[in-house]
Structures are given as structure tokens and as C-alpha cells.
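Engineer: sequence-free structure coming up:
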């Protein structure tokens, strides 16, 4: 028997005897079933971040083809397993460079902007990213013929606020809705989840610090919202499940003060640390020192302990869903989403911070 006669090849997912040298695509029917069956394409800016990965997963589950636009596409490769073969891919784009935006939006049906920063570094200022950058993307999306635009903002966005972050978010909302009439804005409160920089940060601080600071006495009210619920809201907005031109405020089922949240973290992690109230003035001084340390260390200062004066300013105002949003149904519940409680979910990923280990009896902590 010759090599040609004994040859086998993969065909339709099974080993078949050789039937000629003519080429036929491997596993045609099976691969067709595995591939996405829709031509709907959404371009997602900021998809490689904490919230972005959950939004990508939600959109993939809904059958969308997802194009993740990122300054560093190599940092978005981990998203590909969240969908089917060929469903998710990354491209290079930067909100500060219009040409890159145009290429990223080619043939996109819907555009989602999740890009945001919590502190300014170099050219990445609040206004350049969260205002001008958002406006440039909205204008390009309209010019590209996108049918919908979803903008992620934040509760607390205020054009007249003392915080530069809050002002830039409000300005970004206004610019987006002017550039793309009908754009949907999502304003989440503090977002929590396995990779968050909120509960994880407090738990890490309790591991190293002898006491935890309570900025402003810990009286600021927050309404932590689960990242998976934010992702569901974004997916609904993309698919037409939200009212065009509306601003939705997304909060969890519990409103808690900063003090209560800190106490919850300490109880969950089994750490005994005193909570030390400090005034906003003292906190801003600490923020000034932290900003200087970050610059002088060329970014090597531990982010766990870093805080800015602008972030302190944000804590002067409660971060909760407004009564107007509740009355008008511009909430998670209004979208048909039952919000997840932080007290029920956060312990699943905070357990690793326990003093005596993940599986140890807490009574010995």
C-alpha cells in the first residue's frame, strides 16, 4: 500500500480514508455551528479593563461579534476565550487619534465607550479622555453610520462639581448626547467584583496597615453595584432594551456608609483594625503627598495606598441612585435586572485576605 493510498485526513470532524487530493475545508458543518451566526458587530472601547471584560462576555453571550478597541491590543487577548471562535478580536485604537477611531468603527452597528480614568497621568487627563475623547468617538460613530451609542459615565457626574473627575464625566455626557442624538448613558455607583479596586483595596490595606483611615468620618453614602449587573445593563442598551437618549443610574440593593463598608471588609477578612476618622482637609494633605510620591517614584508607589486630592473631593458627596431616576425607571430594576448584593457576593473573593488563609477557621484569625 502506497503512502497516498494509506493517507487519512480530517473531514467533518472525523478521520476519513483518503479520497483524492482535492482540498476541502476541515469540518465545514461543525465549524459553522461553532462560529457566530450573526453579522451584528459592536465596537467596544475600553474593553480590556475591569468592567470591559464583563461587558464583552455579556455581549458575546447575546451573539454579538465584539471588536475590542484598545491602545494595547496585546492586553486584550485574554478576552477571546469569552466567546466562540472568531467572535471576539482586538484592534489598536486611541481616543486621542481620530484616524485610529475611524478604522476601529468600520462596519460597526453599535459603539460602546467604557474608557475612563480615576487619576491623571501625562497626556491622559480627565478632559482629554472622558470629555474630548468621548465626543470624538461619538462623532465618528455617527459618521460611520452606527445605529446606537452607549456611554459609561458615573453617578456623581456634575458639571458644577468640585471634583475635576465629576466635571469631566458630566461634560462627556453632554458632548456625547449632542454629537450622537439618542445616545444612552449608564451611570454606575462604585462597581464591585472579583477584580475591583474597591473592596480588594480596603482588604489589602487592612493586611498591611495598623489602622484604616475613615475619610470625612466615614459618613459618605455609597451604593455598590455588581460588575455583572452593569454588564447586563450595557448589553441591554446595545440590543435596544433601553430607552434611547436616557441616562440610567445603576446601584446595588444596599446603600451603605463608608464606615459600614470598611467594617464589613474587616469582618469578612477576619482582621481587627481600628478605624481612624480623618477630616477631608487631612485627607487632601495625604493626597498631595501621595501624588508627589507617585511622580517621584516614576509610578512605582504602591497603588494600594495611592490617593489623589480629587478622589478625596469625590467622597464629599453621596454616591447613590437619585429619587428622580427611581421614579422614572432609569435604574437596574427598570431594565428588569435584579441587582446583586455586595454582602452576598464580595465574600467570595475577599476570603483570600483572611489572616489565617482561605480555608482556615475564622475564629482563629
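Structural biologist: It's in. The model shown is predicted, which means the values in this text are computed figures rather than measured ones.
Engineer: show me what contacts residue 43?
Structural biologist: Counting by C-beta atoms under 8 Å, 6 or more residues apart in numbering, residue 43 touches 67, 69, 104, 105, 108, 110, 111, 112. C-betas here are computed from N, CA, C, even on glycine.
Engineer: Just the element for it, please.
Structural biologist: Using DSSP states H and E, residue 43 sits in strand 41-45.
Engineer: can you give me the helices in the stretch 101-250 of the chain?
Structural biologist: 126-127, 133-143, 164-179, 199-208, 227-238 (DSSP state H, counting those that start in this stretch).
Engineer: rewinding a little: with pLDDT added, can I get the contacts of residue 43 in JSON lines?
Structural biologist: Shown next, in JSON lines, are the contacts of residue 43 (pLDDT from 0 to 100):
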{"residue": "67", "pLDDT": "97"}
{"residue": "69", "pLDDT": "96"}
{"residue": "104", "pLDDT": "96"}
{"residue": "105", "pLDDT": "97"}
{"residue": "108", "pLDDT": "97"}
{"residue": "110", "pLDDT": "98"}
{"residue": "111", "pLDDT": "98"}
{"residue": "112", "pLDDT": "98"}
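Engineer: out of those residues, who's nearest residue 335?
Structural biologist: residue 112 (15.6 Å; C-beta to C-beta).
Engineer: what number of residues lie near that closest one?
Structural biologist: 31 (other C-beta atoms under 10 Å).
Engineer: Confirm for me that it is in contact with residue 42.
Structural biologist: Yes. Here residue 112 lies in contact with residue 42, judged by C-beta atoms under 8 Å, at a distance of 6.2 Å.
Engineer: can you list residues touching both of those two?
Structural biologist: In contact with both residue 112 and residue 42: residue 238, using C-beta under 8 Å, 6+ apart.
Engineer: tell me how far the ends of stretch 231-244 are from each other?
Structural biologist: One end of stretch 231-244 sits 18 Å from the other (C-alpha to C-alpha, to the nearest Å).
Engineer: Next, the angle helix 227-238 makes with the strand holding residue 43.
Structural biologist: 130 degrees (axes from the mean of the first three to the mean of the last three C-alpha atoms, to 10 degrees).
Engineer: Quick one: mean pLDDT over the following helix or strand past strand 41-45.
Structural biologist: Scanning forward in sequence from strand 41-45 by DSSP H and E, the next helix or strand is helix 50-61. For helix 50-61, mean pLDDT is 96.
Engineer: now helix 50-61 against helix 227-238, angle please.
Structural biologist: Using the same axes, to 10 degrees: helix 50-61 against helix 227-238 is 50 degrees.
Engineer: Identify each buried residue in helix 50-61, please.
Structural biologist: 50, 51, 52, 53, 54, 55, 56, 57, 58, 59, 60 (16 or more other C-beta atoms under 10 Å).
Engineer: Just put those residues in TSV and tack on distance to residue 301.
Structural biologist: Listed next are the buried residues of helix 50-61 as TSV, based on distance: C-beta to C-beta, whole Å:
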residue	distance to residue 301
50	21
51	24
52	25
53	26
54	28
55	30
56	31
57	32
58	34
59	36
60	36
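Engineer: Name the nearest of the residues you listed relative to residue 218.
Structural biologist: Using C-beta to C-beta, these come closest to residue 218 at residue 50, 24.5 Å.
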